[in-house]
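K.L.:
Provide a 3D model corresponding to the input given below.
(one chain, ligands or ions: 1)
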Amino acid sequence: MTSKFVQTDTASQYQQLKGPEGKGLKRTLRLLRLVLDPMGYMEDNVQRYGHVFQIGGDNSPPLIYAGDPKLVQEIFALDATQVNTGQNNGILRAMVGDYSILLLDGNAHKRQRKLLMPSFHGDYLRSYRQLICNLTREISANWQSGQSIVARPPMQKLTLSIMLQAVFGLREGTRLSQIQSLMSLMLDSFAYPITSVFLFFPSLQKDWGRWSPWGRFIYWREQLRQLIYDEIRDRRQYLEQAGETSEKRTDILTLLIQARDENGEGMSDLELHDELITLLFAGHETTTSALVWILYWIHHLPEVETKIRSELASLGSSPDPEAITQLPYLSAVCQEALRIYPIAPTTFPRTLRQSMTLAGYSFEAGTAVMPATYIIHHREDLYPESKQFRPERFLEHQYAPHEYLPFGGGHRRCLGSALAMMELKLSTATLLQDFNFSLSRSGAIRPARRGLTMAPPASMKIRVFKKR
Ligand code: HEM
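P.N.:
Next up, the predicted model:
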């Protein structure tokens, strides 16, 4: 493919950016490969074209996979006046709605981010610590010693409960369990690589009634929408009636209802609905997959289990959650799990609003540039023996934001990264305190497509043994 998008760096070497070619059926097959095996797709293209390559660029605007840290650094430095990001996330609209932060750009995005951000900081996050440990114990309370379980469903139930109680501040009740089961049904619609194809091919998104796959998804989505509106209405009423005398609630729904922008404006019900759904979707699928990977790695590699258990033991029999979150090896295990198989193999693509040169590459306006997380995470110059799971690399070296990017970066960086890391550490530690585990099958496993993310295979099983 001849490209207008050229690298103009060292000694005026004039290297054209290349990438896979082909239209029609070839293009569809390429997209299918990208959906079903994005990591293999990226590895093949890196071998053929190098760490930075492009797709499209003839009839469609080019999309650049950026596996060069310097280029990623410059992409992350771009702000909303220079790039549009939300406009590329239309694929998520069916899930999250028009007002979701994921779909917004410019000032609208800035405003939503400002309103959402405080809910994910410091004191508020700290108030969820004990809740996370308690919910982990609740989920595992009925496990029988020697029982073999499919790992994902209980982890999904756990992260969903954390989100519903932390994000919505929902307590036990019918609405909680209804939302819980609808969310699971909707997400399970895209649980397998082949069913995930619905998300990537809009032509398949046809509502032919409740017995068709897409029709069923829409039906569940409408039910969920109603439940969320009911919760928003009840919470507004409660806060109005209780006024100053209300107990200080720290859940994110309450904080969002009370949040005001610089003009003193709060969020409308529509905005609240779309942001809550966004947080639920963005926040619990991703964390579930990460948690299952962590359990896998700890029990796939005996030396990792030995080290992590001895670090935990150093805190005594009932460790303080704060101390758990500070443990270096536990943190490194979580970081390494997100490095080797990032849940999102790339960040969101950013479309350049004007022509520009970044890290020596010249791009025309309209080009989409996309930090390729998986490619960066497997560069041998940054991560020697990158296919090996070696948490120590995070103890020996501090990686820059453009070298380690499981949560993306710049002005679109994941809002929930601190909450996610806290959940991963506290849930893992709590499970290891109460149980020993072994994998039901000892071989290596590869990530599989699950909706928009990459996850451990849905069938992965673990055997649980009660410690006390
Ligand atoms: C292990 C868990 C998670 C992973 C791997 C993850 C990953 C990501 C990634 C890669 C992005 C795109 C960033 C970019 O393009 O630069 C993102 C965005 C986002 N994430 Fe997460 N995420 C996780 C958990 C969470 C949680 C727990 C929440 C909230 C409760 C959350 C909320 C969001 C939101 C709201 C955005 C959009 C930010 C924006 O567009 O400004 N995520 N996440």
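
K.L.:
ok, residue 26 - how many residues close by?
P.N.:
11 (other C-beta atoms under 10 Å). (Each C-beta comes from the backbone N, C-alpha and C, glycine too.)

K.L.:
before we move on, what's the pLDDT of it?
P.N.:
On pLDDT, residue 26 comes in at 77.

K.L.:
before we move on, what about the one 5 residues further on?
P.N.:
The per-residue pLDDT reported for residue 31 equals 77.

K.L.:
what's around it, how many residues?
P.N.:
Residues near residue 31, counting by other C-beta under 10 Å: 15.

K.L.:
next one: residue 395
P.N.:
Residue 395 is flanked by 13 other residues according to other C-beta under 10 Å.

K.L.:
could you do residue 211 as well?
P.N.:
7.

K.L.:
from the ligand, how far out is it?
P.N.:
To the ligand, residue 211 is 33 Å away according to C-beta to the nearest ligand atom, to the nearest Å.

K.L.:
can you confirm that residue is in a strand?
P.N.:
No: counting by DSSP: H, G, I helix; E, B strand; the rest coil, residue 211 is not found in a strand; it is coil.

K.L.:
may I have the phi/psi pair for residue 81?
P.N.:
Backbone torsions for residue 81, taken as degrees, to the nearest 10, come to phi -80, psi -20.

K.L.:
got a list of what it touches?
P.N.:
106, 353 (C-beta atoms under 8 Å, 6 or more residues apart in numbering).

K.L.:
give me that answer again for 6 Å
P.N.:
Under the criterion of C-beta atoms under 6 Å, 6 or more residues apart in numbering, residue 81 has no neighbours.

K.L.:
and it, how far from the ligand?
P.N.:
Taken as C-beta to the nearest ligand atom, the span from residue 81 to the ligand is 15 Å.

K.L.:
next: residue 212.
P.N.:
30 Å.

K.L.:
dig out what the closest residue in space to residue 63 that isn't next to it in sequence forms beta bridges with.
P.N.:
Excluding the flanking residues, the one nearest residue 63 by C-beta to C-beta, 6 or more residues apart in numbering is residue 368, at 4.6 Å. Here residue 368 shows beta-bridge partners residue 63, residue 351, assigned using DSSP bridges.

K.L.:
quick one: residue 368 from the ligand, how far?
P.N.:
Distance, residue 368 to the ligand, by C-beta to the nearest ligand atom: 12 Å.

K.L.:
over to residue 167?
P.N.:
6 Å.

K.L.:
and what of residue 184?
P.N.:
17 Å.

K.L.:
that residue: what's it in contact with?
P.N.:
Contacts of residue 184 by C-beta under 6 Å, 6+ apart: none found.

K.L.:
do that again at 10 Å, thanks
P.N.:
153, 156, 157, 160, 191, 220, 284 (C-beta atoms under 10 Å, 6 or more residues apart in numbering).

K.L.:
possible to save those as JSON lines with pLDDT, secondary structure and distance to residue 292?
P.N.:
Listed next are the contacts of residue 184 as JSON lines, based on pLDDT from 0 to 100; DSSP: H, G, I helix; E, B strand; the rest coil; distance: C-beta to C-beta, whole Å:
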{"residue": "153", "pLDDT": "92", "secondary structure": "helix", "distance to residue 292": "10"}
{"residue": "156", "pLDDT": "91", "secondary structure": "helix", "distance to residue 292": "9"}
{"residue": "157", "pLDDT": "91", "secondary structure": "helix", "distance to residue 292": "12"}
{"residue": "160", "pLDDT": "91", "secondary structure": "helix", "distance to residue 292": "14"}
{"residue": "191", "pLDDT": "63", "secondary structure": "coil", "distance to residue 292": "13"}
{"residue": "220", "pLDDT": "89", "secondary structure": "helix", "distance to residue 292": "24"}
{"residue": "284", "pLDDT": "86", "secondary structure": "helix", "distance to residue 292": "13"}
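
K.L.:
and for residue 352, the neighbour number?
P.N.:
21.

K.L.:
count of neighbours near the residue nearest to residue 63?
P.N.:
Residue 368: 23 neighbours (other C-beta under 10 Å).

K.L.:
thought residue 347 was touching it, still the case?
P.N.:
No: at 11.3 Å, residue 368 and residue 347 do not qualify as touching, with contact defined as C-beta atoms under 10 Å.

K.L.:
now do the shared contacts for those two.
P.N.:
Jointly contacting residue 368 and residue 347 under the rule C-beta under 10 Å, 6+ apart are residue 85.

K.L.:
now the spatially most central residue of the chain: closest residue in space, sequence neighbours ignored.
P.N.:
Centroid check for the chain by C-alpha atoms, centre = their mean gives residue 286 as the closest residue, at 4.1 Å. Sequence neighbours aside, residue 343 is the residue nearest to residue 286 in space, at 4.9 Å (criterion: C-beta to C-beta, 6+ apart).

K.L.:
count of neighbours near that neighbour?
P.N.:
23.

K.L.:
so who does residue 27 touch?
P.N.:
Taking C-beta under 10 Å, 6+ apart, we find residue 27 in contact with 20, 21, 55, 56, 59, 60.

K.L.:
what helix or strand is the residue nearest to residue 286 located in?
P.N.:
Assigned by DSSP states H and E, residue 343 falls within no helix or strand.

K.L.:
what sits against it?
P.N.:
285-290, 293, 337, 373, 406-407, 420, 447, 450, 452-455.

K.L.:
make it 7 Å
P.N.:
Contact partners of residue 343, counting by C-beta atoms under 7 Å, 6 or more residues apart in numbering, are 286, 289, 290, 406, 453, 454.

K.L.:
what's the answer for residue 49, then?
P.N.:
Applying C-beta under 7 Å, 6+ apart, the residues contacting residue 49 are 18, 19.

K.L.:
how much space separates it from the ligand?
P.N.:
23 Å.

K.L.:
same thing with residue 279?
P.N.:
Taken as C-beta to the nearest ligand atom, the span from residue 279 to the ligand is 4 Å.

K.L.:
what strand or helix carries that residue?
P.N.:
Per DSSP H and E: helix 269-300 holds residue 279.

K.L.:
please point out which parts of that helix sit buried.
P.N.:
For helix 269-300, burial by neighbour count (16 or more other C-beta atoms under 10 Å) applies to 271-300.

K.L.:
swap in stretch 452-468?
P.N.:
Buried residues in stretch 452-468 (16+ other C-beta under 10 Å): 452, 453, 454, 455, 456, 457, 458, 460, 462, 463, 464.

K.L.:
so who does the fifth one touch?
P.N.:
If a contact means C-beta under 7 Å, 6+ apart, then residue 456 has 289, 292, 293, 296, 445, 447 as its contacts.

K.L.:
turn the residues you listed into CSV, columns for pLDDT and distance to the ligand.
P.N.:
Converted to CSV, those look like this (pLDDT from 0 to 100; distance: C-beta to the nearest ligand atom, whole Å):
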residue, pLDDT, distance to the ligand
289, 95, 7
292, 97, 11
293, 97, 9
296, 97, 15
445, 91, 18
447, 93, 12
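
K.L.:
what's the farthest-apart pair in these?
P.N.:
289 and 445 (12.3 Å; C-beta to C-beta).

K.L.:
tell me how far the residue nearest to residue 33 when sequence neighbours are not counted lies from the ligand.
P.N.:
Nearest non-adjacent residue to residue 33, counting by C-beta to C-beta, 6+ apart: residue 41, 5.1 Å away. According to C-beta to the nearest ligand atom, residue 41 stands 18 Å off from the ligand.
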